[in-house]
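>>> Okay, here's the prediction I keep looking at, along with the sequence it came from:
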Amino acid sequence: MKRSGQFFKDVYEVAKLIPKGRATSYGAIAAYLGSKGSARMVGWAMNNAHAISNVPAHRVVNRNGLLTGKQHFGNGNQMQELLESEGIKVKDNQIQNFDKVFWNPTVELL
DNA sequence: TTGCTGACGGAGG
DNA sequence: ACCTCCGCCAGCA
């Protein structure tokens, strides 16, 4: 078993806890895990998350609500379609009303 | 082994 | 307000 760092593992667990119709940011997850400055690692973990089941990486975007990682979903706008399928409005790779759909693990999971 | 890159974010100019 | 640089740390050449 490739034991990725505990950090990655935690990222996966938090990602799985993101409610349907909600989204969070890389930085928010990193902050929740205690590594505020490691937002990039969260993104990296998401890349690896494709190997894990039930990890809704499409619900994780950058702090602007921009679907920066959509290009990693293989098909063109699959990430956007998944989000819209859950009720999240997306326009031009950006989540609309991001402040409403934003799910802050530091607050929600606390 | 060393160095560069990367699904980000905050600080500085 | 806009643009640029630095830090975070794991993976890969």
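On my side now, so go ahead. Numbering: from 1, shown residues only, chains lettered A, B, ... in the order given.

>>> Local confidence estimate at residue A:96?
The model reports residue A:96 with a pLDDT of 95.

>>> Could you find the closest non-adjacent residue to it?
Excluding the flanking residues, the one nearest residue A:96 by CB to CB, 6 or more residues apart in numbering is residue A:89, at 3.8 Å. Placement of C-beta: from N, CA and C, glycine included.

>>> which ones are touching residue A:73?
Going by CB atoms under 8 Å, 6 or more residues apart in numbering, residue A:73 touches A:57, A:58, A:79.

>>> From residue A:21, how far off is it?
Noted for residue A:73: a distance of 19 Å to residue A:21, by CB to CB, to the nearest Å.

>>> what's the answer for residue A:7, then?
For residue A:7 relative to residue A:21 (CB to CB), the value is 27 Å.

>>> ranges for the strands of chain A?
Applying DSSP state E to chain A gives strands spanning A:24-25, A:60-61, A:90-91, A:94-95.
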